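Student: Task: produce atomic coordinates for the following.
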Amino acid sequence: MNGQQTTLLITLTGPDRPGVTSRLFGILAGHPLRVLDIEQVVIRGKLVLGVLLGCDTPPDLTGIHAAVSGLAADLGMDAEITAGSGRAETPARNGRLHVTLLGSPLRPAAIGTVAGRIAASGANIDRIGRLAQRPVTCIEMDVSGGDPVALRADLASAAVEVGIDVAVQRSGLHRRALRLVVMDVDSTLITGEVIDLLAARAGCAPEVAKVTSAAMRGELDFASSLRERVALLAGLDAGVIDEVRRELRLTSGARTLIRTLAELGYKFGIVSGGFIQVIGPLAAELGIGYVAANELGIEAGKLTGRVVGPVIDRAAKADALRGFARDAGVPLSQTVAIGDGANDLDMIAAAGLGVAFNAKPAVRDAADTSVSVPYLDAVLYLLGISSEDVAAEEPLSVATRFGPR
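Tutor: Below is the predicted model of the structure:
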């Protein structure tokens with residue numbers, strides 16, 4: 001044998017209804033056929049079902065055509081049957097990748113640009129499916145024959161051009177393996193900056209905000225800038241920590257992200273240049289097991305204006321990620337780091353998947369992918385989890401307050 005076989009491609013198109021697939025395969029069961037591939041898609045009630053079949057002996061094309069055409073007519077559908085030839089064994093495709101597109105909105109031009117870049121690279125789109133529709137539209141492409149490094153760089157520039165987010169990840173079992181997710185806190189897990197909330201009560205908000213902005217852009221050494229800002233808080237009543245804690249607001253979708261992944265067995269950590277007295281209770285309330293943050297000095301019920309112990313800076317965040325991973329028994333390749341500022345760069349670089357969340361340009365450029373929509377649970381789609389898989393208690397677009405409800 002030369003390895004060639006007759007193949008049949010059967011395509012049914014028309015209104016979706018229960019039993020289409022079972023009736024088609026019931027007809028095909030009477031013929032000596034082997035299923036090589038199958039794809040079924042339903043869009044707004046319209047079904048497209050494609051089945052590729054192999055035949056080791058000459059098939060009864062007339063009988064198959066008559067039976068399938070009769071079924072299609074009975075169901076009010078269109079049928080197409082194409083005969084061809086192919087190898088007995090389909091060769092494995094190399095370089096299988098997942099390309100995820102996020103947009104709000106996601107326009108045809110954006111998909112066309114990304115698809116064009118994929119084709120120009122020599123890769124092929126094997127399958128496209130939708131993971132979410134509202135408030136963010138997310139589609140995922142299964143791509144074969146692509147170089148992940150080159151394609152990631154090319155699609156990153158395309159994403160900037162068309163105003164969407166694009167992630168390129170290798171396919172395989174590792175994508176479904178349990179992971180450790182480590183998040184920054186200020187402007188990632190929560191909206192705003194904790195130290196700015198403290199500064200507002202100390203009457204030094206403009207001075208602190210100026211230093212914070214420069215530090216997040218990477219223009220100042222974080223450790224020294226933190227000490228400079230904390231010094232401005234000296235003498236503030238420690239009771240304001242409880243007030244600030246009650247004022248914290250989670251980023252929209254944060255609870256959904258954490259709850260969904262926790263139910264799947266994922267583990268969580270937070271690392272912050274903020275303060276353990278504020279975010280420690282937040283982590284406990286959310287069921288987050290790993291926490292690293294700075295500690296405010298307090299004496300006689302007042303803030304001393306000093307930081308106790310080593311500063312959690314850029315390098316310390318990456319060290320915390322590695323330490324959390326060791327304790328959780330998760331390899332670094334299975335970690336996900338999410339952050340927005342220059343202080344998160346080392347952590348994002350160390351993780352298996354680095355995600356820039358509504359981040360500064362330098363962070364977006366350094367991360368594996370970015371999320372530019374204001375919904376933290378959009379990260380779920382990067383992990384291949386669709387909106388239909390998520391039983392959310394609150395709408396994605398509604399911010400959730402930390403504190404009594």
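
Student: Okay, buried residues for stretch 72-88 please.
Tutor: Ala72, Leu75, Met77, Ala79 (16 or more other C-beta atoms under 10 Å). C-beta coordinates here come from the backbone N, C-alpha and C atoms, glycine included.

Student: Spit out the contact partners of the last one.
Tutor: With contact taken as C-beta atoms under 8 Å, 6 or more residues apart in numbering, Ala79 is in contact with Ile10, Thr11, Leu12, Thr13, Val68, Ser69, Leu71, Ala72.

Student: Make sure Val363 is actually in contact with Asn343.
Tutor: No. Taking contacts as C-beta atoms under 8 Å, Val363 lies outside contact range of Asn343: 9.4 Å.

Student: Give me the neighbour count for Ala66.
Tutor: 12 (other C-beta atoms under 10 Å).

Student: Please enumerate the helices of this protein.
Tutor: Remark: helices assigned in the chain by DSSP state H are 20-28, 61-75, 108-120, 148-162, 194-202, 205-216, 222-231, 240-247, 254-263, 276-286, 314-328, 345-350, 361-366, 379-382.

Student: ok, now which ones touch Lys317?
Tutor: Contacts for Lys317 (C-beta under 8 Å, 6+ apart) come out as Asp184, Val271, Gly273, Ala292, Gly339, Asn343, Asp344, Asp346, Met347.

Student: Turn those into JSON lines, including pLDDT, neighbour count and distance to Val143.
Tutor: Converted to JSON lines, the contacts of Lys317 look like this (pLDDT from 0 to 100; neighbours: other C-beta atoms under 10 Å; distance: C-beta to C-beta, whole Å):
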{"residue": "Asp184", "pLDDT": "97", "neighbour count": "25", "distance to Val143": "30"}
{"residue": "Val271", "pLDDT": "97", "neighbour count": "28", "distance to Val143": "33"}
{"residue": "Gly273", "pLDDT": "90", "neighbour count": "29", "distance to Val143": "37"}
{"residue": "Ala292", "pLDDT": "97", "neighbour count": "20", "distance to Val143": "37"}
{"residue": "Gly339", "pLDDT": "96", "neighbour count": "31", "distance to Val143": "27"}
{"residue": "Asn343", "pLDDT": "88", "neighbour count": "26", "distance to Val143": "33"}
{"residue": "Asp344", "pLDDT": "94", "neighbour count": "32", "distance to Val143": "28"}
{"residue": "Asp346", "pLDDT": "96", "neighbour count": "20", "distance to Val143": "30"}
{"residue": "Met347", "pLDDT": "97", "neighbour count": "26", "distance to Val143": "28"}
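
Student: can you put the residues you listed in JSON lines and add distance to Asp319?
Tutor: Output for the contacts of Lys317, formatted as JSON lines (distance: C-beta to C-beta, whole Å):
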{"residue": "Asp184", "distance to Asp319": "15"}
{"residue": "Val271", "distance to Asp319": "9"}
{"residue": "Gly273", "distance to Asp319": "14"}
{"residue": "Ala292", "distance to Asp319": "9"}
{"residue": "Gly339", "distance to Asp319": "15"}
{"residue": "Asn343", "distance to Asp319": "13"}
{"residue": "Asp344", "distance to Asp319": "13"}
{"residue": "Asp346", "distance to Asp319": "9"}
{"residue": "Met347", "distance to Asp319": "9"}
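
Student: Closest one to Glu247 out of the contacts of Ala79, please.
Tutor: Comparing the contacts of Ala79 against Glu247 with C-beta to C-beta places Thr13 closest, at 55.2 Å.

Student: Cool, thanks, talk later.
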